[in-house]
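**Student:** Let me see the structure of the following:
(one chain, ligands or ions: 1)
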Amino acid sequence: MTEADIEFDMELVRRHDVSGPRYTSYPTAASFDTDISEDDFRRHAQQSNELPVPRPISLYVHVPFCDTLCFYCGCNKIATKNRSLADSYLDHLEKEAGMVSSLFDKDREVTQLHWGGGTPTFLTTEQTDRLMSILSSHWNLSSADERDFSIEIDPRSIDARGIEHLASLGFNRFSLGVQDVDDQVQQAVNRVQPVELTESIIKACRDTGAKSLNVDLIYGLPFQTKEKFSKTLDKVIEWMPDRLSIFNYAHMPEIFSAQTRINEGDLPAASEKLEMFAMTVERLTGAGYVYIGLDHFARPEDELAKALHDGSLQRNFQGYTTHADTDLVSLGVSSISSFYRLFTQNEKTLEGYYERIDAGELPVIRGVELTLDDCIRREAIQQIMCRNELDFDSLDEQYYITSKSYFNEELHQIRLLEDDGLLEMTDSKIRLTAKGRFLARIVAMVFDTASQQLATKQRFSKVI
Ligand code: SF4
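**Tutor:** Prediction:
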């Protein structure tokens, strides 16, 4: 079987239609607790410098402001029209960057940079310049062609000159929020974004010679139907972005207050959502896209598709990536950092974040330190999510275990999934079937003891 072999089996997916983590980390953020402090961050940063060959750095910056509120939003953001609020935020980011960067050896290169939000393009040109100069004065930012410097773009908040400016600062990957091109859907989610506007920004991104252009869509929004979403796909296929993320809208107004503005009665039924996803798979693979995993697709020539092919694909907080062998250092409110054996998250409110920085502290609020068992399970889950298989020999060699006895209990459950057609198990590996690839999270969940211990499992979204 090759990575091109996929088969969307509606009945199988329906049978396994439960909630589960997206495994951008293991343990997931739901397992973070407040025992972890800034001292842990400092200790692990120091240890990361002491490796025989320290890993490169992946730097994430969270910009929490948005001009308007999208009603489906589940992100940590502040809706405001007041651009000057970002000045004070940048003052604090500058102090945080100073404190954090002093913990790392100066020659460690930043090979991956990502600005996310919120809306990074909320910043004015001057504020954008200031943020990049804060980063470049504290970190060794790579200028190699292989660097991945990406930014999330809201096409409503930038023009062609702005995109050109971002490219001149070193960004070579752009990710555009689109969600749906239908007028009624856009109005219902308070994100009115004319197609012509999106197209002009796509053209501007392409004109910079960017390495890759990603477009985000969401299915399951109010007033979406299979027919309407098919028209959105027509448009997107015409644009031919290098990567596509097709997220499943999870309606959880009790957790995400913005979603209280969405009328539940306007949402498509679960069965129609599944049909939308099945249609998406068929349309995109028919147009030449490779199914990467979960809800991600890429052109065959894109690095993600190549990494899937050669087995080097990884997953981190930014989703599927080719640069996961890095230490992830994150700046800004609510952002998450990750070392080999530690995850930390910053204060989640702006007030809390400012208070800690003003007191001269790193704003770490919670996290988790990984045990050896966590590391073994993380590796098993990564292999399933990124390679569609679990190779027992590689796990045995890496961790000096005998996987088949170590996971004796888990393998009972794996056999049940095998009987149901999700995977095949041999003496040396578990391999997802063409049908099972859409249910990788179900297989990964078997190895996830951390989530099984949580009382908050219902906070995860549905696996499809
Ligand atoms: S979806 Fe994105 S642009 Fe919309 S409110 Fe949320 S963070 Fe802001």
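
**Student:** which residues does the residue in the stretch 151-300 of the chain that the ligand sits nearest to contact?
**Tutor:** For the stretch 151-300 of the chain and the ligand, the shortest gap (Cβ to the nearest ligand atom) falls at Asp154, measuring 5.2 Å. C-beta coordinates here come from the backbone N, C-alpha and C atoms, glycine included. Contacts here follow Cβ atoms under 8 Å, 6 or more residues apart in numbering; on that basis Asp154 touches Cys66, Asp67, Thr119, Thr121, Phe122, Gly177.

**Student:** give me that answer again for 7 Å
**Tutor:** Thr119, Thr121, Gly177 (Cβ atoms under 7 Å, 6 or more residues apart in numbering).

**Student:** Flag the shaky bits of the chain, pLDDT-wise.
**Tutor:** Scanning the chain for pLDDT under 70 picks out the ranges 1-4, 455-464.

**Student:** what does it put close to the ligand?
**Tutor:** Cys66, Leu69, Cys70, Cys73, Cys75, Lys77, Gly117, Gly118, Thr119, Asp154, Gly177 (Cβ under 6 Å from any ligand atom).

**Student:** Helix, strand, or coil at the second one?
**Tutor:** Using DSSP: H, G, I helix; E, B strand; the rest coil, the structure places Leu69 in coil.

**Student:** go on, the one 3 residues further on?
**Tutor:** Three states are possible here, and by three-state DSSP the one that applies to Tyr72 is coil.

**Student:** What of the one 3 residues further on?
**Tutor:** Three-state secondary structure (criterion: three-state DSSP) places Cys75 in coil.

**Student:** quick one: contacts of the strand or helix carrying Arg366?
**Tutor:** Secondary structure from DSSP states H and E places Arg366 in strand 364-369. Residues outside strand 364-369 that contact it (Cβ under 7 Å, 6+ apart): 27, 31-34, 36-38, 40-41, 341-348.

**Student:** same check, this time on stretch 337-357
**Tutor:** So stretch 337-357 is in contact with 25, 29, 32, 36, 40-41, 44, 48, 64, 76, 78, 92, 95-96, 316-317, 327-330, 332-336, 363-370, 375, going by Cβ under 7 Å, 6+ apart.

**Student:** buried subset of those residues?
**Tutor:** 25, 29, 32, 36, 40-41, 44, 48, 64, 76, 78, 92, 96, 316-317, 327-330, 332-336, 363-370 (16 or more other Cβ atoms under 10 Å).

**Student:** Now do the strands in the stretch 151-300 of the chain.
**Tutor:** Taking DSSP state E, counting those that start in this stretch as the test, the strands found in the stretch 151-300 of the chain are 173-179, 212-219, 243-248, 290-293, 296-298.

**Student:** Put the alpha carbons of the second one into PDB.
**Tutor:** Written as PDB, here are the backbone C-alpha positions of strand 212-219 (Å, rounded to 0.1, in the frame of the first residue of the first chain):
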ATOM      1  CA  SER A 212       4.000  27.600  -0.200                       C
ATOM      2  CA  LEU A 213       0.500  28.900   0.200                       C
ATOM      3  CA  ASN A 214      -2.000  27.200   2.500                       C
ATOM      4  CA  VAL A 215      -5.700  27.800   2.500                       C
ATOM      5  CA  ASP A 216      -7.900  27.000   5.500                       C
ATOM      6  CA  LEU A 217     -11.500  25.900   5.000                       C
ATOM      7  CA  ILE A 218     -14.100  24.900   7.600                       C
ATOM      8  CA  TYR A 219     -17.000  22.400   7.100                       C
END
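
**Student:** Give the buried residues for it.
**Tutor:** Ser212, Leu213, Asn214, Val215, Asp216, Leu217, Ile218, Tyr219.

**Student:** pretty sure Ala307 contacts Leu313?
**Tutor:** Yes - using Cβ atoms under 7 Å, Ala307 makes contact with Leu313 at a distance of 4.1 Å.

**Student:** shared neighbours, those two?
**Tutor:** With contacts taken as Cβ under 7 Å, 6+ apart, the residues that reach both Ala307 and Leu313 are Thr322.

**Student:** Show me which of these two is the more surrounded one.
**Tutor:** With neighbours defined as other Cβ atoms under 10 Å, Ala307 and Leu313 compare such that Leu313 has more, 24 against 20.

**Student:** returning to what we had before: the closest residue to the residue of the stretch 151-300 of the chain closest to the ligand other than its chain neighbours: what's it in contact with?
**Tutor:** In this structure, Asp154 finds its nearest non-sequential neighbour in Thr119, 4.7 Å apart by Cβ to Cβ, 6 or more residues apart in numbering. Going by Cβ under 7 Å, 6+ apart, Thr119 touches Val63, Phe65, Cys66, Asp67, Asp154, Ser157.

**Student:** Any chance of the backbone angles for the fifth one?
**Tutor:** It stands for Asp154. The phi/psi pair for Asp154 (degrees, to the nearest 10) reads phi -100, psi 110.

**Student:** quick one: it from Gly367, how far?
**Tutor:** 30 Å (Cβ to Cβ, to the nearest Å).

**Student:** just the last one next, same as before
**Tutor:** Here the criterion is Cβ to Cβ. By it, Ser157 lies 32 Å from Gly367.

**Student:** Same check on the fourth one?
**Tutor:** Taking Cβ to Cβ as the measure, Asp67 and Gly367 are separated by 31 Å.

**Student:** quick one: the helices in the stretch 101-250 of the chain?
**Tutor:** Taking DSSP state H, counting those that start in this stretch to define them, one finds helices in the stretch 101-250 of the chain at 125-138, 160-168, 183-188, 195-207, 226-239.

**Student:** ok, now how distant is Ile381 from the ligand?
**Tutor:** Here Ile381 is placed at a distance of 27 Å from the ligand (Cβ to the nearest ligand atom, to the nearest Å).

**Student:** That residue looks like it's in a strand, true?
**Tutor:** No - Ile381 is assigned helix when assessed by three-state DSSP, not a strand.

**Student:** need the contact list for it.
**Tutor:** With Cβ under 7 Å, 6+ apart, Ile381 has these contacts: Tyr23, Tyr26, Ala444, Phe447, Asp448.

**Student:** Go ahead and confirm the first one touches Arg315.
**Tutor:** Yes - using Cβ under 7 Å, Tyr23 is in contact with Arg315, at 6.2 Å.

**Student:** Find residues that contact each of those two.
**Tutor:** Common contact partners of Tyr23 and Arg315 (Cβ under 7 Å, 6+ apart): Met385.

**Student:** before we move on, back to that, now the buried members of the residues of the chain next to the ligand.
**Tutor:** Counted by 16+ other Cβ under 10 Å, the residues of the chain next to the ligand give Cys66, Leu69, Cys70, Cys73, Cys75, Lys77, Gly117, Gly118, Thr119, Asp154, Gly177 as buried.

**Student:** I'd like these written out as CSV, with distance to Ala287 added.
**Tutor:** What follows is these, written out as CSV (distance: Cβ to Cβ, whole Å):
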residue, distance to Ala287
Cys66, 31
Leu69, 33
Cys70, 27
Cys73, 29
Cys75, 29
Lys77, 32
Gly117, 30
Gly118, 31
Thr119, 29
Asp154, 25
Gly177, 21
